[in-house]
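*Asks:* I need the structure of the sequence given here:
(2 chains)
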Amino acid sequence: MAENLKGNEKVFSTRIDRFFVGLERAFKFLKKFFIEVWLPPYEFKEVIKQCYRIGYNSLPLISLTGFIVGIVFTNQSRPSLSEFGATSWLPALISIAVVRAMGPLVTALIAAGKVGSSIGAEIGSMKVTEQIDAMEVSATNPFKFLVVTRVLASTFMIPVLVLYTDFLALMGAFLNVNVNEKVSMNTFFVQVFDSISFLDISSSMLKSLVFGFTIGIVGCYKGYNSTKGTEGVGKAANSAVVMAMFLIFIEELLSLQIIIFLRQF
Amino acid sequence: MIDTVIEIKNLSKSFGDMDVLKNVNLDLYSGENLVVLGKSGSGKSVLIKIMVGLLTQDSGSAIVLGQEVSQLKPKSLNELRLKIGFSFQASALYDSMTVRENLEFPLVRNVKNLGKVDKDKLVEEVLEGVGLIQTINQMPSELSGGQRKRIGIARTLILKPAIMLYDEPTAGLDPITCMDINNLINQVNDEYKTTSIIITHDLTCAKVTGDRMAVLLDGHFGNTGKFEEVFEHAVDGRVKSFYDYNFIEQ
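*Replies:* Numbering: from 1, shown residues only, chains lettered A, B, ... in the order given. Model (predicted):
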């Protein structure tokens, strides 16, 4: 019994050790990014290539999801509003929900799955097959070429994708409202823009920048620190998605508190 | 007087509880091809990775071209790395780039003010040297194992290194392709006047390419000398079994 307890204590302390070692490593990785991002040489070509990969390749999935979210959310909101005879408020309700929360969150979660996993797997497999070592021995900084470029591209592209998702979600919502309430496009969008403020759009963009950074840095960190072997590549891709999604929800909660505080002024 | 290009002194390296290299001493002289032999996991690759600063030793020193590698600052380390070509066991070609882009990668980042014409000329020259100019626009996934090895060597040659480090150049290849790679190593040595370390456990490769052999046994260099001295009159059972297995047909 005593031996069992001692064994459990040991396992527990090893896990705590591993947690803090991991935290220290992640902090160092983050610090290295913020140092390397300012130092030349700048890999502009690679940043643009990654922007294209992250942005353009995510378009089909983001388009479909954004459009469906708009339709479904409108459908689900209608019964509650119609109880109070307030279906005319649908455009306002949807625009606030989409711009403030759903657009950034849905886009970030999809990008975490698609972009985060692909970054994690790509860098992980490069590590396993010694491609990162090959860059290093050819006097190229692999951190700058692989990590800095992907994190920057992800940080720039997620806000663009969020704007695109917002637009498509509103188009989906308009289609639904138009069919059911016979509201014209002009009336719908006048209501939409009347109900959102500059703070809504700017906070949504800022939040998206943070989400994009999170997706990029987590994907790169997991890939860069993947253990050797193909199993490690799979684990890196998987944990990049899980960790990024977890952090996105935490950031959403924190940003909500900050925005509520800012609305008081 | 013969220049010493690489000097390994009392070098030790361990991973966890496992001592891989124990007080290893080794000199590499200018212009020679040194073959380092040993069983899998004996620390051969670790040794050459320490020489280019990919790993750091626990104690001792690795002096390459007069500089202690572990003491170098990143900028000086990169300058030293430009003088060393490293051919990886699995070629380590960049999967997302074509053969041309793979070869251009070290070139555009390390040679300033290089025009497109000069760049193309250099790439084509090196590819012709390894006999694979026709693969210039192919992706690494479209190449055979032997072709990948050759392109990997071509990528290191583009910066005209003074030292070549080959990590298992013939591993996983058929005997005919192995001979091609062995000939390429000799050709590189003649044309580029390189000093080389060839890590292998293939005795044919060792015999064809090496001027001097060094056998890594239990973390130490047990036997060094010419091929015949080390293997054909081997007394040590571990070296003898190595020889007997490789030349089983004889």
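*Asks:* When you work out contacts or count neighbours from here on, use the C-alpha atoms and nothing else.
*Replies:* OK.
*Asks:* who's in contact with the helix or strand hosting B:Ile198?
*Replies:* For B:Ile198, the host element (DSSP states H and E) is strand B:195-200. Outside of strand B:195-200, the residues that reach it under the criterion Cα atoms under 8 Å, 6 or more residues apart in numbering or on different chains are B:5, B:29-38, B:44-45, B:162-171, B:189, B:206, B:210.
*Asks:* can we see that at 7 Å?
*Replies:* For strand B:195-200, the external contacting residues (Cα atoms under 7 Å, 6 or more residues apart in numbering or on different chains) are B:30-37, B:44, B:162-168.
*Asks:* quick one: which of those sit in strands?
*Replies:* Among the contacts of strand B:195-200, DSSP state E puts B:Asn33, B:Leu34, B:Val35, B:Val36, B:Leu37, B:Ile163, B:Met164, B:Leu165, B:Tyr166, B:Asp167 in strands.
*Asks:* which of those sit farthest apart?
*Replies:* Set against one another by Cα to Cα, the ones in strands among the contacts of strand B:195-200 have their most distant pair in B:Leu37 and B:Ile163, with a gap of 18.3 Å.
*Asks:* Let's have the ones in strands among the contacts of strand B:195-200 in JSON lines, adding neighbour count and pLDDT.
*Replies:* Listed next are the ones in strands among the contacts of strand B:195-200 as JSON lines, based on neighbours: other Cα atoms under 10 Å in any protein chain shown; pLDDT from 0 to 100:
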{"residue": "B:Asn33", "neighbour count": "25", "pLDDT": "94"}
{"residue": "B:Leu34", "neighbour count": "25", "pLDDT": "96"}
{"residue": "B:Val35", "neighbour count": "28", "pLDDT": "95"}
{"residue": "B:Val36", "neighbour count": "26", "pLDDT": "95"}
{"residue": "B:Leu37", "neighbour count": "26", "pLDDT": "91"}
{"residue": "B:Ile163", "neighbour count": "27", "pLDDT": "96"}
{"residue": "B:Met164", "neighbour count": "25", "pLDDT": "97"}
{"residue": "B:Leu165", "neighbour count": "26", "pLDDT": "97"}
{"residue": "B:Tyr166", "neighbour count": "23", "pLDDT": "96"}
{"residue": "B:Asp167", "neighbour count": "23", "pLDDT": "95"}
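*Asks:* for A:Lys144, what are its contacts?
*Replies:* Contacts here follow Cα under 7 Å, 6+ apart; on that basis A:Lys144 touches A:Glu36.
*Asks:* how much space between it and A:Phe156?
*Replies:* For A:Lys144, the distance to A:Phe156 equals 17 Å [Cα to Cα, to the nearest Å].
*Asks:* need the helix or strand of chain A with the lowest average pLDDT.
*Replies:* Least confident element among the helices and strands of chain A, by mean pLDDT, DSSP states H and E: helix A:2-36 (a mean of 84).
*Asks:* And chain B, is that helix touching that?
*Replies:* No. For helix A:2-36 and chain B, the contact criterion (Cα under 7 Å from any Cα of the partner chain) is not met; the two come no nearer than 13.1 Å.
*Asks:* measure the most centrally placed residue in chain B to chain A for me?
*Replies:* Relative to the mean C-alpha position of chain B, the nearest C-alpha, by Cα atoms, centre = their mean, is the one of B:Tyr166, at 1.7 Å. According to Cα to the nearest Cα, to the nearest Å, B:Tyr166 and chain A sit 13 Å apart.
*Asks:* contacting residues for that residue?
*Replies:* If you count contacts by Cα under 7 Å, 6+ apart, B:Tyr166 has them with B:Phe86, B:Ser87, B:Phe88, B:Ile197, B:Ile198, B:Ile199.
*Asks:* and the fifth one, bridged to which residues?
*Replies:* Read it as B:Ile198. Each beta-bridge partner of B:Ile198 is listed here: B:Val35, B:Tyr166, as defined by DSSP bridges.
*Asks:* Next, count neighbours for it.
*Replies:* Around B:Ile198 sit 26 other residues, with neighbours defined as other Cα atoms under 10 Å in any protein chain shown.
*Asks:* Also the first one?
*Replies:* Neighbours of B:Phe86 under the rule other Cα under 10 Å: 28.
*Asks:* Hmm, it is touching B:Glu168, no?
*Replies:* No. With contacts counted by Cα atoms under 7 Å, B:Phe86 stays clear of B:Glu168, the gap being 11.0 Å.
*Asks:* who in chain B is up against chain A?
*Replies:* Residues of chain B found near chain A, taking Cα under 7 Å from any Cα as the criterion, are B:Val52, B:Asn78, B:Arg81, B:Leu82, B:Ala90, B:Ala92, B:Leu93, B:Tyr94, B:Pro106, B:Arg109.
*Asks:* quick check, nearest of those residues to B:Val123?
*Replies:* Comparing these against B:Val123 with Cα to Cα picks out B:Pro106 as the nearest, at 11.0 Å.
*Asks:* where does chain B dip in pLDDT?
*Replies:* Using pLDDT under 70 as the threshold, the predicted model of chain B has low-confidence ranges B:1-2, B:245-250.
*Asks:* so B:Met213, which of the three states?
*Replies:* Using DSSP: H, G, I helix; E, B strand; the rest coil, the structure places B:Met213 in strand.
*Asks:* residue contacts, it?
*Replies:* The neighbours of B:Met213, taking Cα under 7 Å, 6+ apart as the test, are B:Leu34, B:Val35, B:Val36, B:Thr224, B:Gly225, B:Lys226, B:Phe227.
*Asks:* how near is A:Cys220 to chain B?
*Replies:* Between A:Cys220 and chain B the distance is 16 Å, computed by Cα to the nearest Cα.
*Asks:* And what about A:Trp171, helix, strand or coil?
*Replies:* Quick fix: residue A:171 is Met, not Trp. On the basis of three-state DSSP, A:Met171 is classed as helix.
*Asks:* That one: neighbour count?
*Replies:* The burial count for A:Met171: 20, using other Cα under 10 Å.
*Asks:* Could you look up the SS state of residue 42?
*Replies:* By default, I'm working from chain A. coil.
*Asks:* that's the other chain; I wanted chain B
*Replies:* Bear in mind the rule, three-state DSSP; under it B:Ser42 is coil.
*Asks:* The chain: strands as residue ranges?
*Replies:* Here I'm looking at chain A. Under DSSP E, chain A gives no strands.
*Asks:* Correction: the question concerned chain B.
*Replies:* All strands of chain B, identified by DSSP E, fall at B:4-15, B:18-29, B:33-38, B:59-64, B:67-68, B:84-87, B:163-167, B:195-200, B:212-217, B:220-225.
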